[in-house]
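Asker: Here is a sequence together with a model predicted from it:
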Amino acid sequence: MRILVVEDEQKVAKALKEGLEAEHYDVTVARTGEEGFFLVSAQSFDLVVLDLMLPGRDGIEVLTTLRKRGLTTPVLILTAKDAVEDRVLGLDSGADDYLVKPFAFEELLARVRSLVRRRYQDKDAAIQIGDLRIDTSAQRVWRGREEIGLTPREFALLEYLARRAGQVVSRSDVWEHVYDFHSEASSNVVDVYVSYLRRKLRDEQRPGLIQTVRGRGYCLVKPD
């Protein structure tokens, strides 16, 4: 899971990064509102931890602009501003949660887990693309009437591609969202798993679903 921490206090940012990485999250730190806005606009994150009092563009401005642009990534505000009106403003501006400094790191972790879990549990359990049917709750897959056995990693890859059907996803996006970033970071691991998955989903009677887009990544194609 990728987390963006937007925090200008160096000690706080360092502590958050080290603590979250110890829990196996992939953490990127931005020190200004402008940098945070650029990163979350250009890259894909599973959660944003956002300070309010930032140099330049403040947290509320960053948050409201991102929500107006349609960003649905969960945002946890982490700030020293503890007045009721500050909390109301933050939540009304589009934040999913609000935590006041100083805080217990265990509480922060619990809120992070809750927001990430809520984001992915809200998605439909069943995915249907042509004759491909995916039951994400039971982690079972069919093409037509035939059930296809997948390993947990193959299933995670297929679900990630299926939820973005018709979109090109890069190898780095797959790596960061499907596989543990602390595990074997070989450059061809994603290619190998795509090859395994493609082989299982294709036969002579059924066309392949996963296309390689040269220089960009992979796409699970939607049937015409």
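Answerer: Everything's here; your move.

Asker: C-alpha from now on. contacts and neighbour counts both.
Answerer: Will do.

Asker: Which positions in stretch 150-161 come out as buried?
Answerer: Buried residues in stretch 150-161, counting neighbours by 16 or more other C-alpha atoms under 10 Å, are found at 150, 154-161.

Asker: Can you report how many residues lie near the nearest residue to residue 221 once chain neighbours are set aside?
Answerer: Spatially, and ignoring its direct neighbours in sequence, residue 221 is nearest to residue 166 (5.1 Å; C-alpha to C-alpha, 6 or more residues apart in numbering). Neighbour count of residue 166, defined by other C-alpha atoms under 10 Å: 15.

Asker: Could you do residue 197 as well?
Answerer: Residue 197 has 20 neighbours, counted by other C-alpha under 10 Å.

Asker: Show me where the protein has its helices.
Answerer: 10-22, 33-42, 59-68, 84-92, 105-121, 152-162, 171-178, 189-201 (DSSP state H).

Asker: closest one to residue 134 among those helices?
Answerer: helix 152-162 (7.7 Å; C-alpha to C-alpha).

Asker: which residues are contacting that closest one?
Answerer: When contacts are defined by C-alpha atoms under 8 Å, 6 or more residues apart in numbering, helix 152-162 is touched by residues 127, 129, 134, 136, 139, 169, 174, 178-179, 193-194, 196-197, 219-220.

Asker: returning to that earlier point: what's the closest of the buried residues of stretch 150-161 to residue 75?
Answerer: Residue 75 has its nearest neighbour among the buried residues of stretch 150-161 in residue 160, at 21.3 Å by C-alpha to C-alpha.

Asker: quick one on the thing from earlier: and the helices of the chain, which one is worst for confidence?
Answerer: Mean pLDDT is lowest for helix 171-178 among the helices of the chain, at a mean of 75.

Asker: what's the nearest residue to the residue nearest in space to the middle of the chain if we skip its chain neighbours?
Answerer: The residue lying closest to the centre of the chain (C-alpha atoms, centre = their mean) is residue 46, at 3.0 Å. Taking C-alpha to C-alpha, 6+ apart, and ignoring the residues beside it in sequence, residue 46 has residue 2 as its nearest neighbour in space, at 5.3 Å.

Asker: Run a quick neighbour tally on that neighbour.
Answerer: 20.

Asker: now it: how far from residue 32?
Answerer: Distance of residue 2 to residue 32, given as C-alpha to C-alpha, to the nearest Å: 19 Å.

Asker: Could you do residue 76 as well?
Answerer: Distance of residue 76 to residue 32, given as C-alpha to C-alpha: 16 Å.

Asker: can you list the domains in the chain?
Answerer: 2-121, 126-220 (automatic domain parsing).

Asker: Cheers, nothing more for now.
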